[in-house]
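Asker: Task: produce atomic coordinates for the following.
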Amino acid sequence: MKLNYFTKVARRMATVLFCVCAIAFTWQGAFLTNSAAIAAPVTSLIAVADNPSEFAEAHKDFVRDAADKVKKTANENAKKVDESTDSGSFIERKAKRDRDRIEQTADEHAAKTQEAIDKSTNVFERTVEGIKDAFSN
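Answerer: The predicted structure follows:
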């Protein structure tokens, strides 16, 4: 008698779990159909083939803006620490050192990223030129 009861309960729990999972996957799938949420839709790749240097410059601007925002946030945080502590305190000096280190790291990372963008653009341009040459012959 008890074994039969537990079997029925287990079957019902498995059925409920299966239904909840099916609903969740169906509901989640509706959000994946919006291609506007994709970071680099296929249509932009066609535009890159026409003018890769403009595409690279836009990405470099994005990297510069990100680095500037990081620096701005570091400065704001250091200013808040400066305002809330005594002048010349250990915490204030540490906040300023951290700010300087963050700004230096942001500049280094931005430079590396822009260099990688240049390399990728050069590779892409050579590939496009190679394909054009192959079809022109």
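Asker: So what's the gap between the lengthiest helix in the chain and the chain middle?
Answerer: The helix that spans the most residues within the chain, counting by DSSP state H, is helix 90-136. How far helix 90-136 lies from its chain's middle: 15 Å, per CA atoms, centre = their mean, to the nearest Å.
Asker: Which elements pack onto that helix?
Answerer: Helix 90-136 is packed against helix 52-84, with contacts defined by 3 or more CB pairs under 8 Å, 6 or more residues apart in numbering; DSSP states H and E. Any C-beta I mention is one placed from the backbone N, CA and C, and that applies to glycine too.
Asker: Check which residues of the helix it packs on are buried.
Answerer: For helix 52-84, the neighbour count (16 or more other CB atoms under 10 Å) marks 52, 55-56, 59-60, 63, 67, 70-71, 74, 78, 81-82 as buried.
Asker: same deal with stretch 118-132?
Answerer: Residues 121, 124 are the ones in stretch 118-132 that count as buried (16+ other CB under 10 Å).
Asker: Quick one: mean pLDDT over it.
Answerer: Average pLDDT, stretch 118-132: 80.
Asker: In PDB, list the C-alpha atoms belonging to that stretch.
Answerer: This file holds the C-alpha atoms of stretch 118-132, laid out as PDB (Å, rounded to 0.1, in the frame of the first residue of the first chain):
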ATOM      1  CA  ASP A 118      44.000  47.400 -35.700                       C
ATOM      2  CA  LYS A 119      45.400  43.900 -36.100                       C
ATOM      3  CA  SER A 120      41.900  42.400 -36.700                       C
ATOM      4  CA  THR A 121      41.100  45.200 -39.200                       C
ATOM      5  CA  ASN A 122      44.300  44.600 -41.100                       C
ATOM      6  CA  VAL A 123      43.600  40.800 -41.200                       C
ATOM      7  CA  PHE A 124      40.100  41.400 -42.300                       C
ATOM      8  CA  GLU A 125      41.200  43.900 -45.100                       C
ATOM      9  CA  ARG A 126      43.800  41.400 -46.400                       C
ATOM     10  CA  THR A 127      41.200  38.700 -46.400                       C
ATOM     11  CA  VAL A 128      38.700  40.800 -48.300                       C
ATOM     12  CA  GLU A 129      41.300  41.900 -50.800                       C
ATOM     13  CA  GLY A 130      42.400  38.200 -51.300                       C
ATOM     14  CA  ILE A 131      38.800  37.200 -52.000                       C
ATOM     15  CA  LYS A 132      38.400  40.200 -54.400                       C
END
